[in-house]
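Asks: Sequence plus predicted model, see below.
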Amino acid sequence: MKKKKALLSIITFCILTASLYSCNAKSGGKNPETVRNDRNRAFYVEANNCQQSDGSRNYPWSSFDNIDYSLIKAGDTIYLISESIFAGILIDSLVAGTEEKPVIITSFGDKKARIESGNNTGFHISNSRNVKIEKLHLVGSGRKGGNTKNGLYIENCNNISVSDIEAEGFQKSGVYIYTSTNIVADSVYAHDNGFAGILVGGIYGRKDTSRDIIIRNSKAENNPGDPTNLTNHSGNGILVGSSSNVLIEYCTATNNGRDMPRVGNGPVGIWAYEVDSVLIQYCISYRNKTSKGSADGGGFDFDGGVTNSTIQYCLSYENEGSAFGLFQYAGASPWYNNTVRYCISENDGLVSAARAGVFVWNATGDSSQLKDCYFYNNTIYNEKGAAISYEPDSEHHNFYFYNNIFVSRDDLITGNYRNSTFRANNWYSLNNNGFKIGNINSLEKWAESRNKEIFDNNLSGLCITPEFKNPGKTNITDPWKLSSYDAYKLTENSLLKTCGLNLKQQFGIITGEKDFNQQKISRNGIGAVQ
(Lines give C-alpha, C1' and ligand atoms only; values in the text may rest on other atoms or scores of the structure.)
Protein backbone atom coordinates (compact mmCIF):
# COMPACT_ATOMS: atom_id res chain seq x y z
CA MET A 1 0.00 0.00 0.00
CA LYS A 2 1.24 3.49 -0.80
CA LYS A 3 2.32 5.79 2.04
CA LYS A 4 -0.24 8.20 3.47
CA LYS A 5 -0.15 11.89 2.56
CA ALA A 6 -1.48 14.52 5.01
CA LEU A 7 -4.97 13.58 6.27
CA LEU A 8 -5.86 11.45 3.27
CA SER A 9 -3.91 8.24 2.97
CA ILE A 10 -4.87 6.51 -0.25
CA ILE A 11 -7.70 8.24 -2.06
CA THR A 12 -8.81 7.18 -5.46
CA PHE A 13 -11.86 8.87 -6.82
CA CYS A 14 -12.77 7.50 -10.23
CA ILE A 15 -15.55 9.15 -12.15
CA LEU A 16 -15.54 8.06 -15.76
CA THR A 17 -17.97 9.04 -18.50
CA ALA A 18 -18.03 8.65 -22.22
CA SER A 19 -17.57 12.40 -22.51
CA LEU A 20 -14.39 12.40 -20.42
CA TYR A 21 -12.08 10.76 -22.93
CA SER A 22 -10.93 14.23 -24.06
CA CYS A 23 -11.19 15.89 -20.63
CA ASN A 24 -7.81 15.40 -18.94
CA ALA A 25 -7.17 18.93 -17.74
CA LYS A 26 -5.38 19.37 -14.40
CA SER A 27 -5.77 22.10 -11.82
CA GLY A 28 -5.48 25.49 -13.46
CA GLY A 29 -3.96 27.52 -10.65
CA LYS A 30 -7.06 29.46 -9.60
CA ASN A 31 -7.14 29.51 -5.80
CA PRO A 32 -10.50 28.58 -4.27
CA GLU A 33 -9.34 29.94 -0.90
CA THR A 34 -9.63 33.47 -2.31
CA VAL A 35 -13.36 33.08 -2.88
CA ARG A 36 -14.36 30.80 0.00
CA ASN A 37 -14.56 31.06 3.74
CA ASP A 38 -12.11 28.79 5.55
CA ARG A 39 -14.95 26.89 7.24
CA ASN A 40 -17.54 24.60 5.60
CA ARG A 41 -16.26 25.23 2.10
CA ALA A 42 -17.73 23.88 -1.12
CA PHE A 43 -15.99 22.13 -4.01
CA TYR A 44 -17.60 21.07 -7.28
CA VAL A 45 -17.23 18.24 -9.79
CA GLU A 46 -18.78 18.24 -13.27
CA ALA A 47 -18.27 15.09 -15.31
CA ASN A 48 -18.35 16.74 -18.73
CA ASN A 49 -16.17 19.72 -17.83
CA CYS A 50 -13.16 19.97 -20.19
CA GLN A 51 -11.61 23.23 -18.99
CA GLN A 52 -8.84 23.90 -16.53
CA SER A 53 -10.35 23.87 -13.08
CA ASP A 54 -9.80 24.44 -9.39
CA GLY A 55 -12.98 22.98 -7.89
CA SER A 56 -14.83 26.28 -7.66
CA ARG A 57 -18.39 26.62 -8.93
CA ASN A 58 -17.20 28.46 -12.05
CA TYR A 59 -14.32 26.08 -12.65
CA PRO A 60 -15.44 22.66 -11.35
CA TRP A 61 -13.11 19.71 -11.35
CA SER A 62 -13.60 17.47 -14.35
CA SER A 63 -13.09 14.33 -12.26
CA PHE A 64 -12.06 13.32 -8.79
CA ASP A 65 -8.64 12.47 -10.20
CA ASN A 66 -8.03 16.22 -10.50
CA ILE A 67 -8.90 17.11 -6.90
CA ASP A 68 -6.17 18.49 -4.70
CA TYR A 69 -7.07 16.44 -1.65
CA SER A 70 -4.85 18.51 0.62
CA LEU A 71 -7.58 21.16 0.34
CA ILE A 72 -10.31 18.94 1.78
CA LYS A 73 -10.90 19.59 5.47
CA ALA A 74 -13.50 18.76 8.10
CA GLY A 75 -16.91 20.16 7.24
CA ASP A 76 -16.20 20.61 3.52
CA THR A 77 -18.74 19.58 0.89
CA ILE A 78 -17.98 18.03 -2.47
CA TYR A 79 -20.85 18.65 -4.88
CA LEU A 80 -21.57 16.48 -7.90
CA ILE A 81 -23.30 18.77 -10.37
CA SER A 82 -26.61 17.03 -10.99
CA GLU A 83 -26.76 17.63 -14.74
CA SER A 84 -23.73 15.35 -15.10
CA ILE A 85 -23.82 11.60 -15.53
CA PHE A 86 -21.00 9.86 -13.68
CA ALA A 87 -19.79 6.33 -14.25
CA GLY A 88 -18.55 5.20 -10.84
CA ILE A 89 -16.90 6.43 -7.65
CA LEU A 90 -14.13 4.71 -5.70
CA ILE A 91 -12.91 6.19 -2.41
CA ASP A 92 -10.17 4.66 -0.28
CA SER A 93 -9.09 6.08 3.10
CA LEU A 94 -10.93 9.37 3.20
CA VAL A 95 -10.28 10.55 6.77
CA ALA A 96 -10.41 14.34 6.55
CA GLY A 97 -13.69 14.76 8.45
CA THR A 98 -14.49 14.57 12.15
CA GLU A 99 -17.53 13.14 13.92
CA GLU A 100 -18.87 16.65 14.46
CA LYS A 101 -17.93 17.91 11.00
CA PRO A 102 -17.91 15.13 8.40
CA VAL A 103 -16.89 15.56 4.79
CA ILE A 104 -20.08 15.67 2.73
CA ILE A 105 -20.50 14.24 -0.77
CA THR A 106 -23.80 15.21 -2.37
CA SER A 107 -25.53 16.53 -5.48
CA PHE A 108 -25.65 20.16 -6.54
CA GLY A 109 -28.96 21.12 -8.09
CA ASP A 110 -32.59 20.08 -7.77
CA LYS A 111 -32.03 16.52 -9.02
CA LYS A 112 -29.87 13.70 -7.76
CA ALA A 113 -26.58 13.29 -9.58
CA ARG A 114 -26.85 10.10 -11.61
CA ILE A 115 -24.05 7.54 -11.34
CA GLU A 116 -24.31 5.02 -14.16
CA SER A 117 -21.63 2.45 -13.38
CA GLY A 118 -22.55 -0.14 -15.98
CA ASN A 119 -21.25 -3.56 -14.91
CA ASN A 120 -19.33 -2.19 -11.90
CA THR A 121 -19.98 -0.92 -8.39
CA GLY A 122 -21.74 2.44 -8.30
CA PHE A 123 -20.03 3.95 -5.24
CA HIS A 124 -17.38 2.06 -3.26
CA ILE A 125 -16.04 3.68 -0.10
CA SER A 126 -13.51 1.77 2.03
CA ASN A 127 -11.18 2.35 4.99
CA SER A 128 -12.77 5.75 5.58
CA ARG A 129 -14.44 7.59 8.40
CA ASN A 130 -16.54 10.65 9.14
CA VAL A 131 -18.14 10.96 5.71
CA LYS A 132 -21.72 11.81 4.79
CA ILE A 133 -23.05 10.60 1.43
CA GLU A 134 -26.40 11.90 0.27
CA LYS A 135 -28.74 12.68 -2.63
CA LEU A 136 -27.37 10.30 -5.28
CA HIS A 137 -28.97 7.95 -7.82
CA LEU A 138 -26.90 4.84 -8.53
CA VAL A 139 -27.74 2.82 -11.63
CA GLY A 140 -26.19 -0.47 -12.76
CA SER A 141 -26.66 -2.23 -16.07
CA GLY A 142 -29.11 -4.68 -14.48
CA ARG A 143 -28.95 -7.92 -12.52
CA LYS A 144 -29.33 -9.78 -15.82
CA GLY A 145 -27.81 -7.08 -17.99
CA GLY A 146 -24.14 -7.58 -17.14
CA ASN A 147 -23.72 -6.02 -13.71
CA THR A 148 -22.00 -8.25 -11.12
CA LYS A 149 -21.52 -5.76 -8.26
CA ASN A 150 -23.25 -3.68 -5.58
CA GLY A 151 -24.71 -0.20 -5.80
CA LEU A 152 -23.30 1.55 -2.71
CA TYR A 153 -20.60 -0.56 -1.05
CA ILE A 154 -19.37 0.58 2.38
CA GLU A 155 -16.37 -1.50 3.46
CA ASN A 156 -14.17 -1.29 6.58
CA CYS A 157 -15.52 2.15 7.47
CA ASN A 158 -16.51 4.01 10.62
CA ASN A 159 -19.01 6.81 11.16
CA ILE A 160 -20.51 6.94 7.68
CA SER A 161 -23.93 8.51 7.14
CA VAL A 162 -25.99 7.76 4.03
CA SER A 163 -29.25 9.48 3.13
CA ASP A 164 -31.57 9.98 0.15
CA ILE A 165 -29.91 7.31 -1.99
CA GLU A 166 -31.60 5.38 -4.80
CA ALA A 167 -29.88 2.21 -6.03
CA GLU A 168 -31.09 0.01 -8.87
CA GLY A 169 -29.84 -2.44 -11.44
CA PHE A 170 -27.10 -4.18 -9.45
CA GLN A 171 -26.75 -7.95 -9.47
CA LYS A 172 -25.76 -8.16 -5.79
CA SER A 173 -27.20 -5.54 -3.40
CA GLY A 174 -28.40 -1.99 -3.77
CA VAL A 175 -26.58 -1.03 -0.56
CA TYR A 176 -24.00 -3.31 1.08
CA ILE A 177 -22.47 -2.46 4.47
CA TYR A 178 -19.56 -4.76 5.32
CA THR A 179 -17.26 -4.94 8.36
CA SER A 180 -18.14 -1.37 9.30
CA THR A 181 -19.22 0.43 12.48
CA ASN A 182 -21.37 3.44 13.35
CA ILE A 183 -23.21 3.49 10.04
CA VAL A 184 -26.55 5.23 9.41
CA ALA A 185 -28.56 4.52 6.25
CA ASP A 186 -31.58 6.81 6.07
CA SER A 187 -34.09 7.12 3.23
CA VAL A 188 -32.61 4.50 0.93
CA TYR A 189 -34.71 3.27 -1.98
CA ALA A 190 -33.21 0.00 -3.22
CA HIS A 191 -35.09 -1.66 -6.04
CA ASP A 192 -34.60 -4.00 -8.99
CA ASN A 193 -31.38 -5.47 -7.64
CA GLY A 194 -30.45 -9.15 -7.35
CA PHE A 195 -29.34 -10.54 -4.01
CA ALA A 196 -30.85 -7.90 -1.71
CA GLY A 197 -32.08 -4.37 -1.51
CA ILE A 198 -30.03 -3.55 1.61
CA LEU A 199 -27.44 -5.95 3.06
CA VAL A 200 -25.35 -5.75 6.23
CA GLY A 201 -22.59 -8.31 6.67
CA GLY A 202 -19.40 -9.10 8.55
CA ILE A 203 -16.88 -11.87 8.97
CA TYR A 204 -18.85 -15.10 9.30
CA GLY A 205 -18.54 -16.66 12.72
CA ARG A 206 -18.18 -13.26 14.40
CA LYS A 207 -20.76 -10.69 15.43
CA ASP A 208 -18.43 -7.79 16.20
CA THR A 209 -16.95 -6.78 12.84
CA SER A 210 -20.12 -4.93 11.81
CA ARG A 211 -21.91 -3.15 14.63
CA ASP A 212 -23.81 -0.05 15.71
CA ILE A 213 -25.77 0.27 12.49
CA ILE A 214 -29.09 2.04 11.84
CA ILE A 215 -31.33 1.52 8.82
CA ARG A 216 -34.42 3.71 8.81
CA ASN A 217 -37.02 5.25 6.52
CA SER A 218 -35.94 2.94 3.71
CA LYS A 219 -37.68 0.78 1.12
CA ALA A 220 -36.52 -2.47 -0.47
CA GLU A 221 -38.78 -3.25 -3.40
CA ASN A 222 -38.74 -5.65 -6.33
CA ASN A 223 -35.32 -7.17 -5.74
CA PRO A 224 -36.09 -10.44 -7.55
CA GLY A 225 -32.96 -12.58 -7.14
CA ASP A 226 -29.37 -13.05 -8.25
CA PRO A 227 -29.35 -15.09 -11.48
CA THR A 228 -25.82 -16.39 -10.76
CA ASN A 229 -26.53 -17.64 -7.22
CA LEU A 230 -27.52 -21.27 -7.67
CA THR A 231 -26.55 -22.56 -4.20
CA ASN A 232 -28.24 -20.21 -1.73
CA HIS A 233 -31.13 -17.79 -1.25
CA SER A 234 -31.37 -14.43 -3.04
CA GLY A 235 -34.01 -11.80 -3.62
CA ASN A 236 -34.11 -10.43 -0.08
CA GLY A 237 -35.43 -7.07 1.00
CA ILE A 238 -33.34 -6.03 4.02
CA LEU A 239 -30.90 -8.61 5.41
CA VAL A 240 -28.50 -8.35 8.36
CA GLY A 241 -25.90 -11.02 9.10
CA SER A 242 -22.77 -11.44 11.26
CA SER A 243 -23.40 -8.17 13.08
CA SER A 244 -24.46 -6.71 16.42
CA ASN A 245 -26.43 -3.76 17.74
CA VAL A 246 -28.46 -3.08 14.59
CA LEU A 247 -31.66 -1.03 14.43
CA ILE A 248 -34.11 -1.33 11.52
CA GLU A 249 -37.10 0.98 11.79
CA TYR A 250 -39.78 2.61 9.63
CA CYS A 251 -38.79 0.47 6.65
CA THR A 252 -40.77 -1.47 4.06
CA ALA A 253 -39.99 -4.55 2.01
CA THR A 254 -42.26 -5.73 -0.78
CA ASN A 255 -42.33 -7.86 -3.92
CA ASN A 256 -38.86 -9.25 -3.37
CA GLY A 257 -37.68 -12.77 -4.23
CA ARG A 258 -39.93 -13.60 -7.19
CA ASP A 259 -37.07 -14.70 -9.48
CA MET A 260 -34.66 -16.66 -7.29
CA PRO A 261 -33.04 -19.05 -9.82
CA ARG A 262 -33.19 -22.22 -7.74
CA VAL A 263 -35.36 -24.43 -5.56
CA GLY A 264 -34.42 -24.50 -1.88
CA ASN A 265 -34.12 -22.13 1.06
CA GLY A 266 -35.50 -18.78 0.01
CA PRO A 267 -35.51 -15.04 0.64
CA VAL A 268 -37.41 -12.99 3.23
CA GLY A 269 -38.56 -9.37 3.33
CA ILE A 270 -36.69 -8.25 6.49
CA TRP A 271 -34.55 -10.70 8.43
CA ALA A 272 -31.35 -11.48 10.32
CA TYR A 273 -28.96 -14.37 10.98
CA GLU A 274 -25.85 -14.80 13.16
CA VAL A 275 -26.50 -11.48 14.92
CA ASP A 276 -26.81 -10.17 18.44
CA SER A 277 -29.02 -7.33 19.70
CA VAL A 278 -31.00 -6.54 16.57
CA LEU A 279 -34.17 -4.47 16.92
CA ILE A 280 -36.72 -4.39 14.07
CA GLN A 281 -39.61 -2.03 14.72
CA TYR A 282 -42.32 0.01 12.96
CA CYS A 283 -41.76 -1.87 9.69
CA ILE A 284 -44.07 -3.31 7.03
CA SER A 285 -43.16 -6.42 5.05
CA TYR A 286 -45.77 -7.45 2.52
CA ARG A 287 -46.31 -9.47 -0.65
CA ASN A 288 -42.80 -10.89 -0.73
CA LYS A 289 -42.21 -14.04 -2.72
CA THR A 290 -40.00 -17.06 -3.31
CA SER A 291 -39.32 -19.17 -6.39
CA LYS A 292 -41.78 -21.90 -7.31
CA GLY A 293 -41.30 -24.92 -5.06
CA SER A 294 -38.92 -23.12 -2.68
CA ALA A 295 -39.14 -22.26 1.01
CA ASP A 296 -39.44 -18.96 2.85
CA GLY A 297 -40.65 -15.84 1.01
CA GLY A 298 -41.84 -14.50 4.35
CA GLY A 299 -42.26 -11.15 6.06
CA PHE A 300 -39.78 -11.23 8.98
CA ASP A 301 -37.31 -13.86 10.14
CA PHE A 302 -34.93 -14.45 13.04
CA ASP A 303 -32.78 -17.16 11.50
CA GLY A 304 -29.79 -19.24 12.61
CA GLY A 305 -27.64 -17.82 15.39
CA VAL A 306 -29.82 -14.84 16.34
CA THR A 307 -29.56 -13.83 20.01
CA ASN A 308 -31.04 -11.13 22.28
CA SER A 309 -33.10 -9.59 19.50
CA THR A 310 -36.63 -8.20 19.12
CA ILE A 311 -39.28 -7.63 16.45
CA GLN A 312 -41.96 -5.21 17.63
CA TYR A 313 -44.71 -2.95 16.25
CA CYS A 314 -44.42 -4.50 12.79
CA LEU A 315 -47.02 -5.47 10.18
CA SER A 316 -46.79 -8.42 7.80
CA TYR A 317 -49.35 -9.35 5.17
CA GLU A 318 -49.87 -11.49 2.08
CA ASN A 319 -46.34 -12.88 1.98
CA GLU A 320 -45.83 -16.25 0.30
CA GLY A 321 -43.95 -17.38 3.41
CA SER A 322 -44.82 -16.89 7.06
CA ALA A 323 -44.97 -13.51 8.73
CA PHE A 324 -42.53 -14.54 11.46
CA GLY A 325 -39.94 -17.25 10.87
CA LEU A 326 -38.20 -18.61 13.99
CA PHE A 327 -35.48 -20.73 12.43
CA GLN A 328 -32.26 -22.52 13.26
CA TYR A 329 -30.19 -24.07 10.48
CA ALA A 330 -27.49 -26.71 10.87
CA GLY A 331 -24.06 -25.21 11.58
CA ALA A 332 -25.34 -21.96 13.05
CA SER A 333 -24.37 -20.77 16.52
CA PRO A 334 -27.13 -21.23 19.17
CA TRP A 335 -30.39 -19.28 18.78
CA TYR A 336 -31.77 -17.89 22.03
CA ASN A 337 -33.48 -15.08 23.97
CA ASN A 338 -35.48 -13.52 21.14
CA THR A 339 -38.81 -11.70 21.30
CA VAL A 340 -41.70 -10.95 18.95
CA ARG A 341 -44.32 -8.60 20.43
CA TYR A 342 -47.10 -6.19 19.45
CA CYS A 343 -47.04 -7.29 15.81
CA ILE A 344 -49.76 -8.16 13.30
CA SER A 345 -49.84 -10.81 10.58
CA GLU A 346 -52.59 -11.03 7.99
CA ASN A 347 -52.93 -13.92 5.53
CA ASP A 348 -49.26 -14.86 5.40
CA GLY A 349 -47.68 -18.19 4.42
CA LEU A 350 -49.91 -18.77 1.42
CA VAL A 351 -47.45 -20.60 -0.83
CA SER A 352 -44.36 -22.00 0.90
CA ALA A 353 -44.29 -25.00 3.24
CA ALA A 354 -45.54 -23.40 6.43
CA ARG A 355 -49.03 -22.34 5.31
CA ALA A 356 -49.16 -20.30 8.53
CA GLY A 357 -48.56 -16.89 10.03
CA VAL A 358 -45.79 -18.19 12.34
CA PHE A 359 -43.32 -20.92 11.39
CA VAL A 360 -40.92 -22.71 13.76
CA TRP A 361 -38.12 -24.76 12.14
CA ASN A 362 -35.00 -26.38 13.53
CA ALA A 363 -32.70 -28.39 11.26
CA THR A 364 -30.26 -29.38 14.02
CA GLY A 365 -32.41 -31.91 15.87
CA ASP A 366 -31.20 -30.36 19.13
CA SER A 367 -33.66 -28.35 21.24
CA SER A 368 -30.82 -26.51 22.99
CA GLN A 369 -29.99 -24.87 19.65
CA LEU A 370 -33.40 -23.16 19.42
CA LYS A 371 -34.60 -21.91 22.77
CA ASP A 372 -35.92 -19.09 24.93
CA CYS A 373 -38.40 -17.35 22.63
CA TYR A 374 -40.97 -14.88 23.96
CA PHE A 375 -43.92 -14.36 21.64
CA TYR A 376 -46.57 -12.17 23.23
CA ASN A 377 -49.34 -9.69 22.49
CA ASN A 378 -49.39 -10.36 18.78
CA THR A 379 -52.36 -10.77 16.45
CA ILE A 380 -52.10 -13.55 13.85
CA TYR A 381 -55.00 -13.62 11.39
CA ASN A 382 -55.00 -16.21 8.63
CA GLU A 383 -58.23 -16.88 6.82
CA LYS A 384 -56.39 -19.14 4.32
CA GLY A 385 -54.21 -21.31 6.56
CA ALA A 386 -52.99 -22.00 10.10
CA ALA A 387 -51.91 -19.52 12.74
CA ILE A 388 -48.76 -21.42 13.80
CA SER A 389 -46.85 -24.18 12.05
CA TYR A 390 -43.99 -26.30 13.37
CA GLU A 391 -41.84 -28.28 10.97
CA PRO A 392 -42.49 -31.88 12.09
CA ASP A 393 -39.06 -32.53 13.58
CA SER A 394 -38.42 -29.03 14.95
CA GLU A 395 -37.08 -29.50 18.45
CA HIS A 396 -37.20 -26.37 20.59
CA HIS A 397 -37.07 -25.40 24.24
CA ASN A 398 -38.73 -22.68 26.30
CA PHE A 399 -40.95 -21.13 23.64
CA TYR A 400 -43.54 -18.98 25.42
CA PHE A 401 -46.71 -17.72 23.73
CA TYR A 402 -48.63 -15.30 25.95
CA ASN A 403 -51.61 -12.98 25.38
CA ASN A 404 -51.80 -13.50 21.61
CA ILE A 405 -54.81 -13.66 19.32
CA PHE A 406 -54.61 -16.59 16.89
CA VAL A 407 -57.18 -16.82 14.10
CA SER A 408 -57.03 -19.50 11.40
CA ARG A 409 -59.15 -20.95 8.65
CA ASP A 410 -59.08 -24.54 9.97
CA ASP A 411 -56.32 -25.92 12.20
CA LEU A 412 -54.89 -23.31 14.52
CA ILE A 413 -51.57 -25.16 14.99
CA THR A 414 -49.86 -27.77 12.87
CA GLY A 415 -46.71 -29.78 13.60
CA ASN A 416 -44.68 -30.50 16.73
CA TYR A 417 -45.63 -27.93 19.37
CA ARG A 418 -45.22 -30.08 22.48
CA ASN A 419 -42.32 -28.05 23.94
CA SER A 420 -44.09 -24.71 23.59
CA THR A 421 -45.95 -23.06 26.45
CA PHE A 422 -49.29 -21.36 25.67
CA ARG A 423 -51.02 -19.16 28.21
CA ALA A 424 -53.80 -16.59 28.02
CA ASN A 425 -54.09 -16.71 24.23
CA ASN A 426 -57.35 -16.34 22.36
CA TRP A 427 -57.91 -19.08 19.74
CA TYR A 428 -60.48 -18.90 16.96
CA SER A 429 -60.91 -21.18 13.95
CA LEU A 430 -63.12 -19.54 11.34
CA ASN A 431 -64.50 -22.74 9.79
CA ASN A 432 -64.82 -24.95 12.86
CA ASN A 433 -67.15 -23.29 15.33
CA GLY A 434 -64.27 -21.51 16.99
CA PHE A 435 -61.63 -24.19 17.68
CA LYS A 436 -59.69 -26.90 15.89
CA ILE A 437 -56.23 -28.36 16.48
CA GLY A 438 -55.82 -31.77 14.89
CA ASN A 439 -58.86 -33.86 15.78
CA ILE A 440 -59.73 -31.78 18.83
CA ASN A 441 -62.56 -29.26 18.45
CA SER A 442 -62.70 -27.90 21.97
CA LEU A 443 -60.29 -25.57 23.75
CA GLU A 444 -61.09 -27.26 27.04
CA LYS A 445 -60.36 -30.75 25.71
CA TRP A 446 -57.14 -29.60 24.06
CA ALA A 447 -55.96 -27.85 27.22
CA GLU A 448 -56.64 -30.92 29.35
CA SER A 449 -55.21 -33.53 26.98
CA ARG A 450 -52.12 -31.59 25.93
CA ASN A 451 -51.50 -29.64 29.16
CA LYS A 452 -51.71 -26.34 27.31
CA GLU A 453 -53.34 -23.07 28.36
CA ILE A 454 -53.24 -24.15 32.03
CA PHE A 455 -52.01 -21.61 34.61
CA ASP A 456 -52.40 -21.99 38.37
CA ASN A 457 -54.50 -25.09 37.68
CA ASN A 458 -57.03 -23.04 35.73
CA LEU A 459 -57.82 -22.67 32.04
CA SER A 460 -56.07 -19.46 30.95
CA GLY A 461 -56.93 -19.40 27.25
CA LEU A 462 -60.08 -18.19 25.53
CA CYS A 463 -62.04 -19.11 22.43
CA ILE A 464 -64.19 -16.13 21.50
CA THR A 465 -64.82 -14.21 18.29
CA PRO A 466 -62.32 -11.32 18.26
CA GLU A 467 -64.76 -9.02 16.42
CA PHE A 468 -62.03 -7.13 14.62
CA LYS A 469 -62.93 -3.88 12.92
CA ASN A 470 -61.88 -4.70 9.35
CA PRO A 471 -59.76 -7.88 9.06
CA GLY A 472 -58.32 -9.36 5.89
CA LYS A 473 -58.28 -6.19 3.80
CA THR A 474 -54.97 -4.54 4.60
CA ASN A 475 -53.37 -2.24 2.03
CA ILE A 476 -51.30 0.13 4.17
CA THR A 477 -47.76 0.68 2.85
CA ASP A 478 -46.46 3.65 4.86
CA PRO A 479 -44.87 2.62 8.17
CA TRP A 480 -45.40 6.10 9.57
CA LYS A 481 -49.16 5.39 9.45
CA LEU A 482 -49.01 2.22 11.53
CA SER A 483 -50.04 4.02 14.70
CA SER A 484 -53.42 4.81 13.10
CA TYR A 485 -53.95 1.41 11.49
CA ASP A 486 -57.00 0.00 13.29
CA ALA A 487 -58.20 -3.04 11.32
CA TYR A 488 -57.49 -5.28 14.32
CA LYS A 489 -58.71 -2.96 17.02
CA LEU A 490 -60.88 -4.64 19.66
CA THR A 491 -64.43 -3.58 20.37
CA GLU A 492 -65.01 -1.34 23.33
CA ASN A 493 -66.37 -4.06 25.62
CA SER A 494 -64.22 -6.94 24.42
CA LEU A 495 -63.18 -9.46 27.07
CA LEU A 496 -59.79 -9.59 25.35
CA LYS A 497 -58.93 -6.23 26.88
CA THR A 498 -58.93 -7.62 30.40
CA CYS A 499 -58.59 -11.42 30.40
CA GLY A 500 -54.88 -11.78 29.68
CA LEU A 501 -51.98 -12.22 32.09
CA ASN A 502 -49.98 -9.41 33.62
CA LEU A 503 -46.63 -10.56 32.24
CA LYS A 504 -44.52 -8.26 34.34
CA GLN A 505 -46.23 -9.27 37.55
CA GLN A 506 -46.45 -12.99 36.79
CA PHE A 507 -43.17 -13.63 34.97
CA GLY A 508 -41.05 -10.51 35.33
CA ILE A 509 -41.26 -9.74 31.60
CA ILE A 510 -40.68 -6.06 30.80
CA THR A 511 -43.29 -5.62 28.09
CA GLY A 512 -42.88 -1.97 27.17
CA GLU A 513 -45.52 0.65 27.72
CA LYS A 514 -47.29 0.85 24.32
CA ASP A 515 -49.30 -1.43 22.07
CA PHE A 516 -49.18 -1.69 18.26
CA ASN A 517 -50.96 1.68 17.89
CA GLN A 518 -48.57 3.31 20.36
CA GLN A 519 -51.30 3.58 22.95
CA LYS A 520 -50.74 2.78 26.61
CA ILE A 521 -50.99 -0.96 27.09
CA SER A 522 -53.53 -2.73 29.22
CA ARG A 523 -51.58 -4.88 31.67
CA ASN A 524 -54.03 -7.73 31.10
CA GLY A 525 -54.75 -7.12 27.43
CA ILE A 526 -54.68 -9.78 24.71
CA GLY A 527 -53.56 -9.11 21.14
CA ALA A 528 -51.47 -6.42 19.48
CA VAL A 529 -54.04 -3.61 19.58
CA GLN A 530 -55.71 -2.97 22.90
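Replies: Cool, got the structure. Only a predicted model underlies this, so the values are computations on that prediction, with no experimental measurement involved.
Asks: So what's the residue count around the residue nearest to Gly461 when sequence neighbours are not counted?
Replies: Using C-beta to C-beta, 6 or more residues apart in numbering and skipping residues adjacent in sequence, the residue nearest Gly461 is Glu453, 3.4 Å away. For every residue, glycine as well, the C-beta is placed using N, CA and C. Close neighbours of Glu453, defined as other C-beta atoms under 10 Å, add up to 23.
Asks: Check the one 3 residues further on too.
Replies: For Asp456, the tally of surrounding residues (other C-beta under 10 Å) stands at 7.
Asks: tell me the phi and psi of it?
Replies: Main-chain torsions, Asp456, degrees, to the nearest 10: phi 50, psi 40.
Asks: Okay, it and Phe507: tell me how far apart.
Replies: Distance, Asp456 to Phe507, by C-beta to C-beta, to the nearest Å: 13 Å.
Asks: Then Asp393?
Replies: Counting by C-beta to C-beta - Asp393 and Phe507 are separated by 29 Å.
Asks: what ranges of the chain fall below the confidence cut-off?
Replies: For the chain, the stretches with pLDDT under 70 are 1-39, 49-52, 63-67, 69.
Asks: which residues does Val184 bridge with?
Replies: For Val184, the beta-bridge partners are Ser161, Ile214 (DSSP bridges).
Asks: Tell me the gap between the longest helix seen in the chain and the middle of its chain.
Replies: Criterion DSSP state H: the longest helix present in the chain is helix 443-450. Averaging C-alpha positions (C-alpha atoms, centre = their mean, to the nearest Å) puts helix 443-450 39 Å from its chain's average.
Asks: So which bits of it are buried?
Replies: Applying a neighbour-count criterion of 16 or more other C-beta atoms under 10 Å, one finds Leu443, Trp446, Ala447, Arg450 buried in helix 443-450.
Asks: May I see these arranged in CSV, with distance to Pro479 as well?
Replies: Supplementary listing: the buried residues of helix 443-450 in CSV, determined by distance: C-beta to C-beta, whole Å:
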residue, distance to Pro479
Leu443, 35
Trp446, 37
Ala447, 37
Arg450, 38
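Asks: and of these, the nearest to Gly264?
Replies: Nearest to Gly264 among the buried residues of helix 443-450 is Arg450, at 33.5 Å by C-beta to C-beta.
Asks: which residues does the closest one contact?
Replies: The contact partners of Arg450, taken as C-beta atoms under 8 Å, 6 or more residues apart in numbering, are Arg418.
Asks: That one and Ile437: what is the separation?
Replies: In this view, Arg450 and Ile437 are 8 Å apart by C-beta to C-beta.
Asks: so what strands line up beside the helix or strand that comes right after the longest helix of the chain?
Replies: Sequence-wise, the next helix or strand beyond helix 443-450 is strand 454-455, with elements assigned using DSSP states H and E. Strand pairing for strand 454-455, using DSSP bridges, gives strand 458-459 (antiparallel).
Asks: what's the helix or strand for the spatially most central residue of the chain?
Replies: Nearest to the geometric centre of the chain sits Ile238, at 3.3 Å (C-alpha atoms, centre = their mean). Using DSSP H and E, Ile238 sits within strand 236-249.
Asks: buried set for that strand?
Replies: 236-246, 248-249.
Asks: Then stretch 204-219?
Replies: Of the residues in stretch 204-219, Lys207, Thr209, Ser210, Arg211, Asp212, Ile213, Ile214, Ile215, Arg216, Asn217, Ser218, Lys219 count as buried by neighbour count, 16+ other C-beta under 10 Å.
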